[in-house]
Every structure is written in C-alpha cells, then in structure tokens.
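Q: Build the 3D model from these lines:
(chains A, B and C)
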Amino acid sequence: MAWTLALPELVLALCGLAILLIGVLPKRDTFFPMAMAVTGSLLLAAVLVLGQQEGVALNGLYVADSFSSFMKVLALIGAALGLLLALDYNTRERLNRFEYPVLVLFATLGMMVMISANDLMSVYLGLELLSLPLYVMAAFDRDAGRSAEAGLKYFVLGALASGLLLYGASLVYGFAGTTNFDRLAAAFAAQEGVSPGVVVGLVFVMAGLAFKISAVPFHMWTPDVYEGAPTPVTAFFAAAPKVAALALLARVLLGPFADLAAQWQQVVVLISIASMLLGAFAAIGQRNLKRLMAYSSIGHVGYALMGLAVVSDVGLRGLIVYIAIYVFMNIGAFAVLVAMRRSGRAVEQVEDLAGLGRTDPAMALWMAVFMFSMAGIPPLAGFFGKLYVFLAAVQGGYWTLAVIGVLTSVVAAYYYLRIVKVMYFDQPPEAALERAPPSLSVVMATTGLFNLAFCLFPAPMLAAAGIAAAALLG
Amino acid sequence: MIAAAAFYLFAAILIASAVMVVTARNPVHSVLFLILAFFNAAALFLIAGAEFLAMILVIVYVGAVAVLFLFVVMMLDIDFARLREGFQRYAPIGAIVGGILFLELVLVLGAWTFADQAEALRIAPTPPSPVTNTEALGLLLYTDYIYLFQAAGLILLVAMIGAIVLTLRGRPAMRRQNIAVQIARSGSVAAEKVPVGAGIRELGIRRPPPPEETRRLAEPAHGEADHGERH
Amino acid sequence: MLVGAVFFPLLGAAISGLFGRWIGDRVAQWSTVICMVLAAVCGIGAFAQVALGGQPTTVPIVTWMEVGGLEASWALRYDTLSAVMVMMVTFISTLIHLYSVGYMSHDATPYRFFAYLSLFTFMMLMLVTADNLAQLFFGWEGVGLASYLLIGYWYEKESANVAAMKAFIVNRVGDLFFMLGVALTFFVFGSIEFSIIFAAVPDRAQDIFLGVNALELIAVLLFLGACGKSAQIGLHTWLPDAMEGPTPVSALIHAATMVTAGVFLVCRMSPVFEFAPTALALVTVVGATTAFFAATVGCVQNDIKRVIAYSTCSQLGYMFFAAGVGAYQVAMFHLFTHAFFKALLFLGAGSVIHAMSDEQDIRKMGGIWTKIPITYVVMWIGSLALAGIPFFAGYYSKDAILEAAFAAHSPVGMYAFILGLAAAFLTAFYSWRLLILTFHGAPRADAHTMEHVHESPWVMLFPLLVLAAGAIGVGYLFYPLFIGAHEQAFWQGSVFTGPDNHILHDMHEVPGWVPIAPAAIGLAGIALAYVMYMIAPELPGRLASRFRGLYLFLLNKWYFDELYDALFVRPARRLAEVFWKVGDARIIDGMPNGAADLAVQASRGAVRMQTGRVANYAFAMIIGLVIFVSLFLIGFVR
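A: Residues are numbered from 1 along each chain as shown, chains lettered A, B, ... in the order given. Have a look, this model is predicted:
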C-alpha cells in the first residue's frame, strides 16, 4: 500500500496542524505570519503535486494522475491567491484571526481529497472537509448580521446537498455492492442494462455536486452567500472550490459512470443551458457587484459544463482550460472588489466604481481587462476559454448548446461592459476610492498579465490540459 | 420468524415516529419522537447483527445529540406558529413534489436489480464468527480505511475550530484560573492555629481576601495580568 | 522588413502606452510617429518586393495553438493583396499620426491617444497579413477594441460613451456571424489555414450543410460579419455615431482602414465567394442598396463629419457591389483610392473644425474660404476625387466599378448599376453642398469665432498636401497595375477569379456611353448643388417644407435607429426585466420586489426572513432534483 503517493495531502495536513499549534500559542496577533506560512504550505504542496507519481493507493481510495495533478495545482494556486486577497482586508475589518488561513488550508486539503477521490466515500469526506471550513468562513464576520446569515444559509443548504449526495451514493452501492470507482466502472461495463435505481442514485450524486459548483437549479444559495460573506471569502468561494467540484464531477461522470453517459448527458446539457441563461439574464439588473459576480460565476459554470456535456476529449479539455482561465479572471476581478474602499469603509455597489478610470487608472485598467476577458472578447484569455468549449460543442454536433452559449455570452457582455462604462465614463462621486494596497495590486497585475498574455503563449496550458484530459478518459 | 416480526414492529414504529417528528405541534415532542426513532433504528441494527453500531447510535445520538437538541429547543424562543404558517402555505406544492418523488422511488425499488457481481464486490464482507463486530470495524477502520479515518478526524478538527472561531469571545471581565499565579502565591497557605473547641460564635466567619487584593498581590511578581484579555 | 512593417506600430504603442506618463507627451508622440515612419518605409518596401517584384511569401512567427485538429500558426502572409493593404495602412497611418501631433496638441493625455492609434494600426496589420482565419479574427476583434477605445477617447462626453458602446455592440452582432462563419469553415474544411481552404474549395463545392450549400452559407455568414465592420445597410448605424471620436480617428479608422476590412475579407475569401453565386448576388444587392441609401441620407445631414461618414458608408457600398459582380480587383482599387481621398476629406474637415473652434455644424459656417485657403483647396481636390471627376483618383475606380456592374449583364448587376449611378449623382450633390455651405456665402458663425479662424499649423497641412497629391495621382498611376493591362502579373493569383469570370475583360467592352455617364452625372450633381446653395439659397428650405415627410425620413436616416430600438433594445431590456423579476424575485425568492429589495429587507428582519427563504431555496433544489429524476425515468421507460 503505497501511502507515500498521497504525500502532498499528508504534508499539507501536517503543515496545517503545525500552523494551528504555533498560531494559538503566542499572545500577539498572529494572522499575518500564519497566512504567510499557509501560503508557503500551499505552494509546497503544489511543488509536491508536480513531482507526484501516478497510480492508485490507500486501498483504492486515492488516485493520482495527470488530471488530478493539473487540477490540484490549479486549486492550490487559486487558494493561495485567494488567501493573499484577505491579507489587507481582514486586518482592516478586524477579521485578522489566525484561524482564517488555517481554515483556508483545510478547505484546500478537502479540495485535494476530492480531486484525488477514487471512491464515493473519499468523495463525500473530501466534500465535507471542503464544506465545513467554507461554512465557517462565510460567517467569519460573525458580528455582521448578513455574514452570519450567509454562513447559516450555506450550511443548511449544504447539509441538504450532502444528504442528497449520500442518498445517491447509497443507492449506487446498493446496486453494485461497491463504492470504488474502478469496480463500479467494471460493474456497469459488465451489465447490459442497469437498474433504474443506479441512474436515480447518479442524479442524486450529481445534484450534490452541482450544488457545490452552483449550477442551476442548485444555485440559489450563491447570490445570498456571495453577497453576505466578507469579500475575500467570496473571492475564495468563487475560485478554488469550483475547480475541485468541477474536477470531481468530471471524474465521477467520466470515470465510473462513463458507460451511463447516455443517461447523464441530458441532465448535464440541461444544467449547462439553464446556468448559462440564468447567469446571463439575472445579472443584468444587479447593482451589487458581489451579487453580480455570483450570477456571473453561475454563467461561467454553465459554459464549463458545456465541455462536459459533449462527452469527448476535446470537450473535457475545453472544460479544463475554461476553469483554469476562469480562476485567473475571477481572482483578479475580486482583487479589485476587495480593494474597493471609500473613506475607510468597504463598498461594493457598481456605482462605487464610477470615475475609477480617472482616479485610479491602473486599477481601472485591470478591472477592464478582467471584465473584457469574462465577456469573452479576444484576444483576452476568457475568449479562448469560450472558444474551446464552443469548438467542442460544434465538433460534437451540439449546435443548440453552442448557439445558446454564443447568445448568452453576448447578453452577458452587456453587464460586463456596463461596469467598464461606469468606470471610465461616469462622474466620480465626491470621495475617490482609496488606493489599492500592494498585496492586492500584485494579485491584480499577476492575474491581469495572465489574461493579457495568454493569447501569445496558449500552447503550454493547452498541452497540459490535453494531457490531463487524456489521463481521465484513459 | 420472531426476528421478522420484530423487524416489522421496529420498522413500523421507526417510520411512525419519524412522521411524528415532522408533524408534531410541540417541538419538545418532536425531539422526543426523534429519540424514539433512534432507539428503533438501534433495534434494527441489533437484528441485523451490528451491535456496535446499535450501541453507538444510542450513546451518541440519543445520549448526546438528541439531548442537546432538547436543550436548544427549550432554551431558544422560536415562534413556531410563524414557522407553521410558512409550512401551510407551501404544503400543497410540497405535497405534490414529495408525492412525485415518492412515487418515483417506489418505481425504482420495484424495478430494483443487483449487479451481477454485487455479492462478490461487497467491500467489506462480514468476517467469520470469532471476530466480534467491534473488532471487525476496528480492523477495517485502522487499516484499509485509514485514509478516510484520518480525513474524518480532520473534519471534526475543522468543526471544532469553526465552533471556536464563531463563538469564542474573550471578555475582559471574565476571570480565569491562572495556575502559575496560584502556585507561586506565597503566604496564602500559611497555617493558622485555631483555638480548639471554639465555635463560630467566637471566631466569626472567616472569608478569603477580596479578589482585587489578590490580584494586586500577584501582579508585580508575574506581569500576567492581561492574560485572557486578548481578542 | 516584412516583419518590421507589422511590428513597428506595436513597438510605438508599447512605448507610448506603457511609458508615456514618464517620458512625457512630446517624446511619446514623436516616438510613435518615428515608429510609424519606419513601418511605412518597410510597408512600401514590402509592396515593392512582393507586389512589384512578384515574390509572395509567408513569414512564420510562432506556432500559436495546436489542439484537436485546430491548428493555427502565427504567420504573416504576404501576397499582393496584403502587400497593397500593408502599404496603404502604414502610409496613411503615418500621415495621420503626424497630423494628430498638431490636432491633439491641446489634449490632456496625448500619449494615450497615440498609443491607441498605434495599437489600432498594429491590429489592422495583423488583420491584413493574417495567414489563417483565427489570426484574421484576432486582428478583426483587435481593431474593434481599438476603435471602441478611440471613439470613446473623450470619455467626458456622454455622447462619445454612448457611441463607443453602440459601435462595439453593433460590431459584436456582425462578429457573431463572422464567428459562425469561421466555425462552419472549420467544420467543412477541417482547417482554418487559407492555403488549405483555398486548395480544397473546388472539392467542397457541392457540400451540403443543414440543407443548403455549405460554401454559400460560409460566404453569407462571412459577408454578414463584413457588413458589421464595413457598416453596410442594416449594421451601419454605428458609423455616423462613431464620429464622436477625434477627427484623425475618423480619418484613419472610419474612412481609410478599419471599415474597409469587410471588403478586404470578401476579396481575401474570393476563392470561396467565387463558388457561391447566391452569396455574391446578396453582396451586390446589399452593397448597391447601401451606396444609394447612405448617399440619400448624406444629402440632408448638417454635421460636417456625419456627411463624410455617410459618404464613406456609400463608397463602401460601391466596393461591395464591385466585389459582388466578381470584380474583386476593382473593389480593391476603389478601396485603395478611396483611402486617400476620404482620409483627405476627413483631415480637411478636421482642419476646418480646428479653425472654427470645434464647430461641426455646417449651418454655422460659411464665408471662410479666404481665411483658410490651403484647407479649401485640398477639400476641393478631395471632393473632385470623390465625385469621380475625370483624372482624379476616384474617377478611375468608380468608373471601373460602374462599368463592371454594367458588364455583369445580370439583373443584380443592372440594379447595382442604376443605384450606383443615382448614388454618384447624390455624391456630387452632397459634396458640393458641403463645400458651398462650409466655405462660401455669408459667415453664419458668431463674430468671436470668425476672428479666430486660422489656418492649421504645418504639421497638419503637410499630411493634407501629401494626401491631396495622392487623391490626384494614385488613380492614374495604379490603374494599369490594379485593373489595367498588367493586372494578372500584379495580382499573381492572390485574388481568385473563377474560370467563367471574365468581368475584367468585359468591362472594357461596354457601350461608349457607360464610361462617360458617371462623370456627366457627377457634373450634373455639382450643378444642382450650385444652383440650390449658391444661386438660390432659399430653395432647399422650401423643398424641405414642401416634402416634409421625405425630408424627415432622410434626416432621421430612414428611421433605422428607431427601428432597432423598438425591435431589439427594448424587448431585450424587457426580457431581462421579466427574467429578473419573475425568475429570481418571484419564483425563487418568493418576494415580489426583487433581489435588491430583499437585501435591504434582509438586514431588517434577517432571522425572520431567512427561515422562509432557506426553505424556499431548499425547495427549489428538490424540485430541480425531481425534474431530473423524472427525466431519467421517462428516458428509461422509453
């Protein structure tokens, strides 16, 4: 039993325990050093993931392959960037307790467990290890009513989703007598027609996972929680956990349930269409930026799922590229949101950005880059993400999906451009927004350059995504 | 035969009490029915030969969780009439949706089949008789499933951190036991000779020195006065 | 040299854009100008080597992306078609950079302007030198973005913002079709490399897609994309509004280069279009209609730049119907000459506006020709070229277009010929209306403005004079190469004409009256304008009140904006509202007032509200689940 295969997870867990222990001892405020330590641990884990061997370990519960490596590195980077966003904000808002980075670390560990899951039980435990820190983080600003409310809402609905997932898993187990992915795949391959119970169980499992990626109709928590949670927490929610949950969904559907593709495909198509539509239309009327980003992320998940719905290697590669680009667009946009302060208070309405083009050209430029990228305007990275999923849909003959995707992206471009318009063309209010602190400027510049430069050097990521997709599809 | 009869008896009570949990007007009754449901479920486990799970269910769920529920329900002032109002408003749609789901699940159960090798694939078959239930669980948990066991442990740790993060507040007025100060205190353990046979009437009631005085005594020696006052 | 022509502008844009604030306006401006001059030298060299020397090449740069059969390398394709465009773009762009140094001298952030301008030039060069459709699309979107930035350059003006948004959104509609066209091309040919597509066209001529000929569909989709960029009727509404940008921008983007990208695309894809007769007929009809429509509207506009903008629209229509009847070389020739005289007209108009203290309404000008004689002369030259008066540049190309349309001997060709002639008349009319109202008659501006009327500085006049020389000479000089005796040696097959396409030959054998007609009818238009505005200035007002309906119809540009507002903008907004109110607020939240209101209410009664709502959320999840399970089971039973 090669337990050393899970070295990245083990190291990260031990780092987490050590940081927790060190953080609790001194009497001073240990938020900043602990956050740095956690960032370091995440990067260390990323390095270990890159050097990881491939194979199945720990009694078939854990799998490491190119797909898991790619997604884990992405999730780790997303989490590390998300944590950097919190540095300044948490200090200013008096949320600078050292537990925050520790929770980020354990949530990330949960993501890694999810991504490497090779068994329905690992799936569930990874999901819970991810979810619990998220619930706590949503309510982290415990004295603010809306933060506490967000945490509670997320918790209750998350519990329901977990229940659905477990129920589905038990139905599947009842049919096959196993929860191991490889054996499940073998069982479905051997059977001529599967019992409807398995199919229903699969729907329940999908519902549980769709909740985590906030796909319609399991998205209802998203706007409220995104709005209520402290902004850096929202930024964290919107990036790394989505990577893990999408990776998990892809692994579950294309791994053990690949033979049932005909059955689950229509559900993914429906979810994808509904998410794209809702993401495009519901965001138009939003004035709160965080709420807007919530709907935006719902729409993006719809596009990413399009890659899954076509069930092909091209489609899966499209999904991987899309989610990777999405992480960088989203973290960047949230860096701007986190930086939005006026006279010492955090603000989050669209109008608050008015006149930013004059008062802070650098920040406005990056925000414009992120918005254009999200709208899918070439030559920014977001365009390529959309291009690959649309191409996959067209190649697979899913014209409906492609057409709806193109149409909704046109509609969505409206509200992204509206933000650009507000920044550059509206009159600024009396007091200008404060300057972004260096930590946020660094994140903005890094992600912004990624979005700008992707069009010049897309080949490495595309190649990596291709290898990852091939690893999952075998 | 008796086992079958017992199974149906416990199962029927289990379902009935589960229904009562949802429909009971008084929340305290709901919790009590929940406890009844747990007991019946434990009995079902016993019939299935899983005595360890049965006992755990009783100890953990009845002994800890349900009683905690009871406390919370009694302590919180929840307006149940209002809750019920919402319930009644959505009841018809809820009934329809629930009914459809129920029908579908019945359909699914009706058409249930097992995979060809389901029996062979069964992850952890019941071990031969000399191994007890508890031992078998332990054997699995600490060997084959050590990964999941550790993950579950981390989840509990996170839950604990979460509970502390969300609820712990350092109150400046709160006093804590400071063992170091206590031990290092000099002169407080001095014995005092009390006249033998003298009652309270003669000696009066002896009281410890007031707290401020104690603190003043301890401070210069250790500088620990601010302990427990961060946050 | 071939690479330099494309990348010098990018270098200039980078210097000015990234370091403009540190190195100062002056250095930033002149560094972009120097980069552009270098690019122009390279561009002319490239033209000499590729087109005159006859050495078409492809310069590979990097393999750009390579995935799943979609392989796109980044390479510069230099054949005669692109060499012509590269030379024209770099040359005119250089002149306009130079002109802008004077024009933007009072601006607050000229380095930003120059960075955008150079960036635009780079994107345009990427577009014309593209080796495959992906790269072309990259340039296509890049020029759109640069155009958006430049139109909205004066962001303090609300109208500039609106115009920028409008240009962007209308262009996106065109882009949508373009993208579909590219996707379909990839679907049909399995590649987006031009060389592979062009080689495979004859084999694919009979392919059917969705019940129609695949090549026809590709051609129509690409043409619709071109319509957006080139402001053809239906998608033209953004172009007049785009005049909100600084005048050099109008000259460069909305006259000489970007708007002609659509024509370039049709010529570039000529191998596909040659096999799509129906699409070509559509191109002809749309082009001819636009030529006529825009000319009619141009006759009643009062903003000096808008008149020229509609004129651009109309001239683009000419180019399209020339391409539509198969005379791609003629279309390219008109594109080439048009770039000179239209840039000249715009820059001249800019000079007038500069002189008149930023006044753009020609009703408030007049009587200034003695004060700004050089501008006056170059505007005359530009107008003469535009109206197709013999021996000026426009004469050669416009004549050739009308001859080609006549020589097509088809109903659509005839339609194009008649509308083209009518448009030629109107063109001459509105050009002289503009000239007379602007320069002649009694001064209608206030005395203060009149005092300040002054000739522009030499840095602005020099480009005007160069362009004026071009507007006189390029027609005569390049006629033999583009469409005359040496055309085959010149084009070297970079524009494909089918085996049955003898239009270039036929157009020289039309009846004798056809070549004379445009010039004659142009002179008639000038005469009418002279009568109406010089001799009897009260006549136009009387006509306007007499034919009020027609006048308003023209003045409101055939009511296209209103139509779009009613057809698309308002329904879309209503739909969004319905989605938001019903979808989010009513069904999901169970609250009538929408999500924004909820946020306020939530802060009031968080606990009370939240219980109900979480239940609703959970409920919605369960309903979704039930729907999916039902779907599964229904699928299972079937």
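
Q: drop to CA atoms for contacts and neighbour counts, all remaining ones
A: Will do.

Q: which element follows the helix ranked longest in chain A toward the C-terminus?
A: For chain A, the longest helix by residue count, based on DSSP state H, is helix A:145-176. From helix A:145-176 onward toward the C-terminus, using DSSP states H and E, the following helix or strand is helix A:181-190.

Q: Spell out which residues of the stretch 51-200 of chain A are next to chain C.
A: Along the stretch 51-200 of chain A, the residues adjacent to chain C under the rule Cα under 8 Å from any Cα of the partner chain are A:Gly145, A:Arg146, A:Glu149, A:Lys153, A:Val156, A:Leu157, A:Leu160, A:Pro196, A:Val199, A:Val200.

Q: any chance you could map the helices in the stretch 101-250 of chain C?
A: C:110-128, C:133-151, C:158-189, C:194-204, C:214-229, C:238-241, C:247-251 (DSSP state H, counting those that start in this stretch).

Q: the inter-axis angle of the third one versus helix C:133-151?
A: Computed with axes from the mean of the first three to the mean of the last three Cα atoms, to 10 degrees, the direction of helix C:158-189 lies at 180 degrees from that of helix C:133-151.

Q: buried stuff in helix C:158-189?
A: Within helix C:158-189, the residues scored as buried using 16 or more other Cα atoms under 10 Å in any protein chain shown are C:159-189.

Q: Check what contacts stretch A:436-446 and list those residues.
A: A:81, A:84-85, A:87-88, A:331-333, A:335-336, A:338-340, A:363, A:366 (Cα atoms under 8 Å, 6 or more residues apart in numbering or on different chains).

Q: One more: stretch A:194-204?
A: A:164-165, A:167-172, A:175, A:188, A:260, A:263-264, B:108-109, B:111-115, C:625, C:628-629, C:632-633, C:636.

Q: which residue packs closest to residue 429, ignoring adjacent ones?
A: Since you didn't name a chain, this refers to chain A. A:Ala354 (7.1 Å; Cα to Cα, 6 or more residues apart in numbering or on different chains).

Q: wait, I meant chain C there
A: C:Gly525 (4.4 Å).

Q: near chain C, which residues of the stretch 201-350 of chain A?
A: A:203-204, A:207, A:217-218, A:220-221, A:263, A:267, A:281-287, A:314.

Q: swap the cut-off to 6 Å and go again
A: A:Pro217, A:Phe218, A:Met220, A:Phe281, A:Ala282 (Cα under 6 Å from any Cα of the partner chain).

Q: pLDDT below threshold where in chain B?
A: Applying pLDDT under 70 to chain B flags the ranges B:78-88, B:115-129, B:170-174, B:187-192, B:206, B:208-231.

Q: Which residue ranges of it form helices?
A: Using DSSP H, helices in chain B cover B:2-23, B:27-47, B:51-56, B:67-75, B:80-110, B:118-121, B:133-139, B:146-167, B:179-184, B:200-203, B:211-222.

Q: Let's have the ones you listed in a markdown table, adding distance to A:Met276 and mean neighbour count.
A: Conversion of those to a markdown table gives the following (distance: least, Cα to Cα, whole Å; neighbours: other Cα atoms under 10 Å in any protein chain shown):
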| stretch | distance to A:Met276 | mean neighbour count |
| --- | --- | --- |
| helix B:2-23 | 37 | 15 |
| helix B:27-47 | 42 | 20 |
| helix B:51-56 | 46 | 17 |
| helix B:67-75 | 41 | 14 |
| helix B:80-110 | 26 | 14 |
| helix B:118-121 | 40 | 16 |
| helix B:133-139 | 46 | 14 |
| helix B:146-167 | 34 | 17 |
| helix B:179-184 | 61 | 12 |
| helix B:200-203 | 84 | 9 |
| helix B:211-222 | 64 | 12 |
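
Q: picking up where we left off before, so what's the backbone phi/psi at the residue nearest to A:Pro429?
A: Backbone dihedrals for A:Ala354, given as degrees, to the nearest 10, come out at phi -50, psi 130.

Q: residues touching it, list them.
A: A:Val422, A:Met423, A:Asp426, A:Pro428 (Cα atoms under 6 Å, 6 or more residues apart in numbering or on different chains).

Q: show me what contacts the second one?
A: Residues in contact with A:Met423, defined by Cα under 6 Å, 6+ apart, are A:Leu353, A:Ala354, A:Gly355, A:Leu356, A:Gly357.

Q: how many neighbours does the third one have?
A: Same thing as A:Gly355. 24 (other Cα atoms under 10 Å in any protein chain shown).

Q: Could you list the contact residues of the stretch 201-350 of chain C toward chain B?
A: Going by Cα under 6 Å from any Cα, none of the residues of the stretch 201-350 of chain C are near chain B.

Q: need the strands for the stretch 201-350 of chain C, in chain order.
A: C:208-209, C:212-213 (DSSP state E, counting those that start in this stretch).

Q: Show me what the first one pairs with in its sheet, parallel or antiparallel.
A: Put plainly, it is strand C:208-209. strand C:212-213 (antiparallel) (DSSP bridges).

Q: The partner strand - what's its average pLDDT?
A: In this model, strand C:212-213 has an average pLDDT of 80.

Q: which strand residues sit across from A:Gln349 in the sheet?
A: A:Asn288.
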